[in-house]
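A.B. asks: coords please:
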Amino acid sequence: MLFGLHLHEFGAESYPANQGRVYVQCIDSTPLYGNEKGEERQMLLSAIILGYFEYARLSGFNMLHLHVPPPTSEDGYIFTERPLDVRLRASIHLAHWYHRLLELAVRNEIVSGYQSSGECTEIDFPPSVLDPDEAAGETHFRACLSQPPPLLLAQLNANPQSSEMLEVIANQTARFFTVNLLPLDQQVHAPELSWPTITSPTARRQRFVWLCEMEGYYFHTLAHAMYSTMMLVTCMVGEQVLSMREEAAMREQEAVAAMSKRG
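C.D. replies: Numbering: from 1, shown residues only. Presented below is the predicted three-dimensional model:
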């Protein structure tokens, strides 16, 4: 397991402002292993993300949203928790990567265009796609910029580079992205979603993170990642098989009941 992507697909049954949109809540990857190069990992992740963009467009979604979590949010990850200085660098790098990724998607005609801004209200990015914790994190970030809490202030004072990066993020970094999967004059009605079987470890990002912490699943070395991947896949496959069996049994009962009524 090298890469994690948590997203929300909003179909026709969703809140009106969210219909026909996809929100990519979190993208994360494990550390580099062995002789693996950062450029190679980034090329792989870019190909996967662009493939999902195309899938979302072909599925009938009109818009896709990307969000760079504020560096003051400590839980904006999937695999490994990060200290403040790493989160600051990651916020800047992720925003730059999103720009490069979307420019590539436009050139390859995978998407028709995109907008970006430091505030979601300045572009077509409905705040309603954010979950309550993320919305609270954005409010907390703005409060920290105007009046940093003592712990954050001490961390910034101890590392002038961190203070400079925070200023760049606050004033120069676009953290909200709206992607036009289809041209505005070709957009279609929100799709009717037929949900795949979802396993409890992956149903919510916070659930996955909690499970890894409770069971001791780590990804900081190749050996740890291989073991953790094996255990997680076993858990997910087992739950999917059980869910499919329960669904099959329910349909069989419905069929028997329907036959009894006709008899």
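
A.B. asks: switch to C-alpha atoms for all contacts and neighbour counts from now on
C.D. replies: OK.

A.B. asks: measure Pro16 to Met63 for me?
C.D. replies: 13 Å (CA to CA, to the nearest Å).

A.B. asks: what's the overlap in contacts for those two?
C.D. replies: Shared contacts of Pro16 and Met63 (CA atoms under 8 Å, 6 or more residues apart in numbering): none.

A.B. asks: out of those two, which sits in the busier spot?
C.D. replies: Taking neighbours as other CA atoms under 10 Å, Pro16 and Met63 compare with Met63 leading, 26 against 12.

A.B. asks: partner strands of the strand or helix carrying Glu9, parallel or antiparallel?
C.D. replies: Following DSSP states H and E, one finds Glu9 within strand 3-10. Strand 3-10 sits in its sheet next to strand 21-29 (antiparallel), going by DSSP bridges.

A.B. asks: contacts for stretch 127-146, please.
C.D. replies: The contact list for stretch 127-146, computed with CA under 8 Å, 6+ apart, reads 17-18, 23, 25, 69-73, 120-121, 170.

A.B. asks: for the protein, which residues score under the pLDDT cut-off?
C.D. replies: For the chain, applying pLDDT under 70 flags the ranges 194-203, 262-263.

A.B. asks: quick one, strands of it?
C.D. replies: 3-10, 21-29, 63-67, 113-117, 176-180 (DSSP state E).

A.B. asks: just want the angle from the last one to strand 21-29.
C.D. replies: Pointing back at strand 176-180 there. Here the directions of strand 176-180 and strand 21-29 differ by 120 degrees (axes from the mean of the first three to the mean of the last three CA atoms, to 10 degrees).

A.B. asks: what's strand 176-180 in contact with?
C.D. replies: 62-68, 102, 111-120, 123-125.

A.B. asks: flag every buried residue along it.
C.D. replies: 176-180 (16 or more other CA atoms under 10 Å).

A.B. asks: for these, give me TSV that also has distance to Met244.
C.D. replies: As requested, those are arranged in TSV below (distance: CA to CA, whole Å):
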residue	distance to Met244
Phe176	38
Phe177	37
Thr178	36
Val179	35
Asn180	35
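
A.B. asks: give the contact list for Asn157.
C.D. replies: Ser163 are the contacts of Asn157 under CA under 8 Å, 6+ apart.

A.B. asks: ok, now how distant is it from Phe53?
C.D. replies: 41 Å.

A.B. asks: one more: Met250?
C.D. replies: Met250 is 35 Å from Phe53, by CA to CA.

A.B. asks: what's the answer for Val168, then?
C.D. replies: Counting by CA to CA, the gap from Val168 to Phe53 is 29 Å.

A.B. asks: cool, and Leu102?
C.D. replies: 10 Å.

A.B. asks: got it, and Met1?
C.D. replies: Distance from Met1 to Phe53, by CA to CA: 21 Å.

A.B. asks: likewise for Ala136?
C.D. replies: Using CA to CA, Ala136 is found at 28 Å from Phe53.

A.B. asks: for Met230, same thing?
C.D. replies: Distance from Met230 to Phe53, by CA to CA: 28 Å.
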